[in-house]
Every structure is written in structure tokens, then in C-alpha cells.
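*Asks:* Take a look and give me a structure for this.
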Amino acid sequence: MSQVGAFFDVDRTLVSCNTGRLFLRDLRRRGEISFFRALRALGWMAKYHLSLIDLQWVAARVASHMAGWAERDFADRCRRWVEDEVLPLVVPGARTRIDRHRADGHVLAILSSSPTYVTRPIAEAVGIEEVISTRFEVADGLFTGRLVAPACVGPGKVHWAEDLGVRRQLDLAQSWFYTDSYTDLPMLERVGNRVVVNPDPRLRRTAKRRGWPVQDWRFPSSPVEQTA
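*Replies:* Predicted coordinates for the structure are as follows:
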């Protein structure tokens, strides 16, 4: 018997921030990344959100910079950082919606371009069982500098959501997806129930044109905005 899934993006959906920018700020504060590299990374992020750059290329470049790092050290650091700086930014409406889907017996999943070392602690904190996000290849406890392809971005989100669909017997035509980003349009079109949350301008225009519900999760009641 098929089940229903509820997929949640992270940045500006479950949490009010862009975790990538927040992490870069932390690296700069600690002096672990140069101003030039931080500025370049911010440029990639801006182009990513405007769909002006190949999303898989960006993820591959990030992975390449991590070659030789110890996975355990990175995972521990990310968990501490998430607990200190990201979890306080989980928006009230997200918890309300997660609780509703759990009560309905749906399979809950994070579906995010952020690395698993960031998304898993968030999932644990809000009670989401499945984590689908960008993964880095590891050998002998060290990052190899390569991705577990495809990265969980754009069409890659559809790939990994369908993979979970097979493993958990999900009916994606009856499932839900929540996101703020136009770059997630492939996944929004893949599920039967899509809701855009505090969307970027292009996604807001798309939602209005297609009649998709738009919600603001800064409030527990998640008020629906007018889409027509």
C-alpha cells in the first residue's frame, strides 16, 4: 500500500536563514576562509538562486574544496554550529505543519541542497525521520573531494525523492513539498501537493500564475496568502 510523503526544504523554509551564508560568516569570524573565497562563494550562491549557474557544478566545487578533511571533525563541528546558531531560527509555522503531517501518518523528509551534516541535526530536532540532502564521498574517514552524485539540487532533488519513494513506497502524486526557491521548480512539479513558503520573487510570480498556495511560516498558524 502506498504512503504519502511530506518533503521540506530547509533554507528559508524550515529555518528563517540561508544556512550557507550563515556558515560562511562563521568561517570568516574564525579566520578559516579568506575574504576572497568567501566573496566568491557568496557570488555562487547568488547565481544559484537566480538559476544563472549550473547547480551541480557549484556543489562539485564545494566538495572539491573539502578534499582531505576528516569527516568526523566536520560532522561534529556542524552539529555544534547547528545547535548553537541554526535551531533557534526554526520558524514556528514549520513545527505546526510537521506536527500536522505526522498526525496524518505521512512520511516526513527533509529535501535540501545543504549537506547532510547540517540537515540531519535539524531533522532530529524537529522530528523528521528521513534526510535527503547533498552528500560528499568519504574514504577512510576523509572527504575525497567528490560528490555522491547527483547533488540534491534542482532535478537532483527529484532523483533522490523518487529514490525514497521506491524505498518507502511513496505515492509522489499524493505527496507534499514545501520550499521557498524557484530552483526547486522540478520538485514542485513532481508532487501532487505543493506549497511555497516565504518565496523568492520568481517563485512567488510562478505560484500566483499557477494558483499554488503561498504561506508565511513565521507564525504558528501559517497564514495562506492570496495567490490569485
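*Asks:* Can you name every helix or strand that the longest strand along the chain contacts?
*Replies:* In the chain, with assignment by DSSP state E, the single longest strand is strand 107-115. Strand 107-115 sits against strand 5-8, helix 92-103, helix 116-126, strand 130-134, helix 155-168, with contacts defined as 3 or more C-beta pairs under 8 Å, 6 or more residues apart in numbering; DSSP states H and E. Quick note: C-beta positions are derived from backbone N, CA and C, even for glycine.
*Asks:* So, low pLDDT: which residues of the chain?
*Replies:* The chain contains residues with pLDDT under 70 at 21-53, 220-228.
*Asks:* can you give me the helices for it?
*Replies:* 19-29, 35-49, 55-65, 71-81, 92-103, 116-126, 155-168, 185-190, 201-210 (DSSP state H).
*Asks:* Give me whichever of the ones you listed is most buried.
*Replies:* helix 116-126 (a mean of 21; mean count of other C-beta atoms under 10 Å).
*Asks:* How about residues contacting it?
*Replies:* 10, 14-15, 19, 23, 74-75, 78-79, 82-83, 86-87, 90, 94-95, 98, 110, 112, 128-131, 133-135 (C-beta atoms under 8 Å, 6 or more residues apart in numbering).
*Asks:* for it, the distance to its chain's centre please.
*Replies:* 10 Å (C-alpha atoms, centre = their mean, to the nearest Å).
*Asks:* and the angle for that helix with strand 130-134?
*Replies:* Put simply, helix 116-126 runs at 150 degrees to strand 130-134, going by axes from the mean of the first three to the mean of the last three C-alpha atoms, to 10 degrees.
*Asks:* between helix 116-126 and helix 92-103, how many degrees?
*Replies:* In terms of direction (the same axes, to 10 degrees), helix 116-126 departs from helix 92-103 by 70 degrees.
*Asks:* Excluding covalently adjacent residues, which one is nearest to the residue most central in space within the chain?
*Replies:* Nearest to the geometric centre of the chain sits residue 112, at 2.2 Å (C-alpha atoms, centre = their mean). Computed as C-beta to C-beta, 6 or more residues apart in numbering, the closest residue to residue 112 that is not its neighbour in sequence is residue 10, at 4.0 Å.
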